[in-house]
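> the amino acid sequence is not available; the structure is as follows:
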Ligand code: SAH
Ligand code: SF4
Ligand code: F3S
């Protein structure tokens, strides 16, 4: 509590300073939050925006118009890190035009010591860094910098970020859909993965806080709530664990959908599937990463299950929820992966019947256990496996979508497409449907008939009810 009050004191100080600026210059200072990575980061950015607005900043439409830029980074693969450094590099031009610009970097990359060193040494226009556990210190960082223009690098993996950010304002930008974090960190230490090192130890948010926020979201008209954690199945904030939490949220009155991610196959079990079957608001989608179809590689990845145990989990889940659309993550090119290992992955994909699959090429992460395994498979071979796997899955995705043509499905209209000529909508299984319909429907549920299908999406038309 006292630390939250500490952040509130700094919020007040910066707010006064920003008021002085407004009176002197005639415009308000603006902020921009640039977010990379997963839904956890999307959710953290809502708090960063909330803090910025509490400090008196107004939103800028892009980085070039901002006085405070917060870059929320991702460290999961090297490619992501290089792109982020490139984009931050390009911000030096904005800084030249506006010497008062403050650039703050935070997120998973900033928990890596070597990255903080790199920012310190090679990115002099970055004003300071935070990490995922110290977001409540943004106002302190801004206040200190406004005072003495000195660069600061906050990093403390032991901070209790859940209680420090509890109750802080959030600025949500996701329309009728809301992220709801239920835990932080990860204790699984899959051998390839940097997340446990950069997000720290797992901790659950108390269920009364989660339930209070869920009720508020529903009262505010949100139509979809996605419960977030690296491994939601190890949620410990309530007796009975995650399935019990699902049941409690399901009992909140109103028409809304509940989603959650991510589940870990070693912990997702019958209790979860039963809860999914018995809770009518829990959507018919399960994201269950399998990572590899080779038992040898799964062992080297420290995943805690075999390929056949994984497939049994899928069957069990489908027995409880026959409507389930299952999606997954897979890595090709883990060190030492042979053609035989790859073929086992391909076989699993053929058997699993995923709606879609996020396929990643292995990226070596310094400090992880897999980084010490010798890796001599030529890049071309790995890229070839990657392409082959994509085409196997594409065929399955297309067939799954084509099977829905002529069917009637219930969707949540969640936005307008990029071209501006149709609404985007989501089925219970989270399939994307494009529907030509009244924009006034965004934020509401409706029934549509599917008229055509492609690998990635569906097209549908609204079904008129007697009330129309
Ligand atoms: N906690 C979640 C998400 C972790 S990151 C989970 O366990 O599923 C999202 C995905 O990135 C992972 O599922 C994995 O497929 C991929 N990933 C993680 N580390 C990686 C690495 N070093 N190289 C390539 N892909 C990686
Ligand atoms: Fe990474 Fe494994 Fe934790 Fe997921 S469960 S975040 S893949 S260590
Ligand atoms: Fe990236 Fe951190 Fe998420 S490493 S994937 S932003 S937990």
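The structure has been received and is ready for your questions. Here the structure is a predicted model, which is why all the values come from computation and not from measurement. Ligands and ions are numbered 1, 2, ... in the order given.
> can you give me how far the helix or strand hosting residue 6 is from the chain middle?
Per DSSP states H and E, residue 6 falls inside helix 2-25. Between the centre of helix 2-25 and the centre of its host chain there is 30 Å, according to Cα atoms, centre = their mean, to the nearest Å.
> can we start the residue count at 43 from this point?
With 43 as the first residue, the last one maps to helix 44-67.
> now the very next helix or strand once past that helix: mean pLDDT?
Going down the chain from helix 44-67, the next helix or strand is strand 72-77, by DSSP H and E. Mean pLDDT, computed over strand 72-77, is 98.
> apart from its neighbours in sequence, what residue is nearest residue 99?
Distances taken as Cβ to Cβ, 6 or more residues apart in numbering place residue 73 nearest to residue 99, at 3.9 Å, with adjacent residues excluded. All C-beta spots, glycine's among them, are computed from the backbone N, C-alpha and C.
> show me what that neighbour is bridged to.
When bridges are taken as DSSP bridges, the partners of residue 73 come out as residue 101, residue 110.
> and the stretch 143-292 of the chain, which of its residues are near ligand 2?
Applying Cβ under 6 Å from any ligand atom, we find that the stretch 143-292 of the chain lies next to ligand 2 at 228, 230-232, 235, 237-238, 272-273.
> follow-up on the earlier one: and the residue nearest to residue 99, what is it in contact with?
91, 94-95, 99-102, 108-112 (Cβ atoms under 8 Å, 6 or more residues apart in numbering).
> contact residues of the stretch 43-192 of the chain facing ligand 3?
So the stretch 43-192 of the chain meets ligand 3 at 79-80, 82-83, 116-118, 149-150 (Cβ under 6 Å from any ligand atom).
> what is the strand or helix carrying residue 289 packed up against?
Of the helices and strands defined by DSSP H and E, residue 289 is found in helix 283-292. The helices and strands touching helix 283-292, judged by 3 or more Cβ pairs under 8 Å, 6 or more residues apart in numbering; DSSP states H and E, are helix 249-261, strand 266-270, strand 299-303, helix 312-320.
> contacts for the helix holding residue 48 next, please.
70-71, 93, 96-99, 178-182, 184-185, 188, 202, 205-206, 208-210.
> in contact with residue 486, which residues?
Contacts of residue 486 by Cβ under 8 Å, 6+ apart are 265, 454-455.
> any idea how far ligand 2 is from residue 498?
Distance check for residue 498 against ligand 2: by Cβ to the nearest ligand atom, to the nearest Å, it reads 25 Å.
> and that residue, backbone torsions?
Torsion angles at residue 498 (phi, psi; degrees, to the nearest 10) stand at phi -100, psi -20.
> just the pLDDT at it, thanks.
pLDDT at residue 498 comes out at 94.
> what residues are up against it?
398, 439, 443, 474.
> now swap in residue 98 and tell me
56-57, 60-61, 64, 70-71.
> the residue in the chain that ligand 3 sits nearest to: what secondary structure?
Closest residue of the chain to ligand 3, Cβ to the nearest ligand atom: residue 79 (2.7 Å). Secondary structure, DSSP: H, G, I helix; E, B strand; the rest coil: residue 79 is coil.
> hang on, it packs against residue 116?
Yes - the pair residue 79 / residue 116 is scored as a contact, 2.7 Å apart, by Cβ atoms under 8 Å.
> what is in contact with the two at once?
Common contacts of residue 79 and residue 116 (Cβ under 8 Å, 6+ apart): 122, 149-150.
> in strands only, show me those.
Using DSSP state E, the subset of the shared contacts of residue 79 and residue 116 located in strands is residue 149.
> report the angle between the helix holding residue 289 and strand 266-270.
160 degrees (axes from the mean of the first three to the mean of the last three Cα atoms, to 10 degrees).
> outside of helix 283-292, which residues touch it?
Helix 283-292 has contacts (Cβ under 8 Å, 6+ apart) with 224, 249, 252-253, 256, 267, 269, 274-277, 279-280, 300, 302, 313-314, 316-318, 320-324.
> go with 7 Å
Residues outside helix 283-292 that contact it (Cβ atoms under 7 Å, 6 or more residues apart in numbering): 224, 249, 252-253, 256, 274-275, 277, 279-280, 300, 313-314, 317, 321, 323-324.
> now which of the residues you listed would you call buried?
Among the contacts of helix 283-292, those buried by neighbour count (16 or more other Cβ atoms under 10 Å) are 224, 249, 252-253, 256, 274-275, 277, 279-280, 300, 314, 317, 321, 323-324.
> what segments of the stretch 293-442 of the chain are strands?
Taking DSSP state E, counting those that start in this stretch, the strands of the stretch 293-442 of the chain run over residues 299-303, 327-329, 367-374, 398-403.
> just put those in JSON lines and tack on mean pLDDT and distance to residue 432.
Listed next are the strands of the stretch 293-442 of the chain as JSON lines, based on pLDDT from 0 to 100; distance: least, Cβ to Cβ, whole Å:
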{"stretch": "strand 299-303", "mean pLDDT": "98", "distance to residue 432": "22"}
{"stretch": "strand 327-329", "mean pLDDT": "98", "distance to residue 432": "18"}
{"stretch": "strand 367-374", "mean pLDDT": "98", "distance to residue 432": "10"}
{"stretch": "strand 398-403", "mean pLDDT": "98", "distance to residue 432": "6"}
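> export these to JSON lines and tack on distance to residue 419?
As requested, those are arranged in JSON lines below (distance: least, Cβ to Cβ, whole Å):
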{"stretch": "strand 299-303", "distance to residue 419": "30"}
{"stretch": "strand 327-329", "distance to residue 419": "28"}
{"stretch": "strand 367-374", "distance to residue 419": "10"}
{"stretch": "strand 398-403", "distance to residue 419": "11"}
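> to ligand 2, which of those lies closest?
Closest among these, using Cβ to the nearest ligand atom: strand 367-374, at 7.9 Å.
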